[in-house]
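1. pasting the structure only:
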């Protein structure tokens, strides 16, 4: 409303043709303000909807892959022991033979 008073003071010293121009400026400034208000309302509504969607979202962890739960180290130990046994039997047979 402060803008309106500024235009009205300026409007007093002008002729009729210029008054129409100032009135258009006042109307334009009001419509710009209304557009800005509408835009900010729309942005707030979009943000509110995004926040509600985020609140409804439930985090669910993905299942652990089976490769993680496999006993790899034990398998490596068993393979190393089997290789050692084979090598030992081979050496024993060479000594015996």
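-> The structure has been received and is ready for your questions. Since the model is a prediction, treat every value here as computed from it, not as a measurement.
2. any stretches of the chain with poor pLDDT?
-> 1-30 (pLDDT under 70).
3. and the strands in it, which stretches?
-> With strands called from DSSP state E, the chain shows none.
4. tally of neighbours for residue 48?
-> 10 (other Cβ atoms under 10 Å). From N, CA and C alone the C-beta is placed, and that goes for glycine too.
5. how far away is it from residue 55?
-> 11 Å (Cβ to Cβ, to the nearest Å).
6. over to residue 90?
-> Distance from residue 90 to residue 55, by Cβ to Cβ: 68 Å.
7. ok, residue 93 next?
-> Taking Cβ to Cβ, one finds residue 93 at 73 Å from residue 55.
8. please apply the same query to residue 41.
-> Residue 41 is 21 Å from residue 55, by Cβ to Cβ.
9. next one: residue 61
-> 19 Å.
10. so which of the two has more stuff around it?
-> residue 55 (8 against 5).
11. and residue 45, how many neighbours does it have?
-> Residue 45: 10 neighbours (other Cβ under 10 Å).
12. what's the answer for residue 67, then?
-> 7.
13. and residue 83, by the same measure?
-> 10.
14. if I look at it, how far off is residue 96?
-> 20 Å.
15. now swap in residue 46 and tell me
-> For residue 46 relative to residue 96 (Cβ to Cβ), the value is 85 Å.
16. cool, and residue 85?
-> For residue 85, the distance to residue 96 - Cβ to Cβ - is 16 Å.
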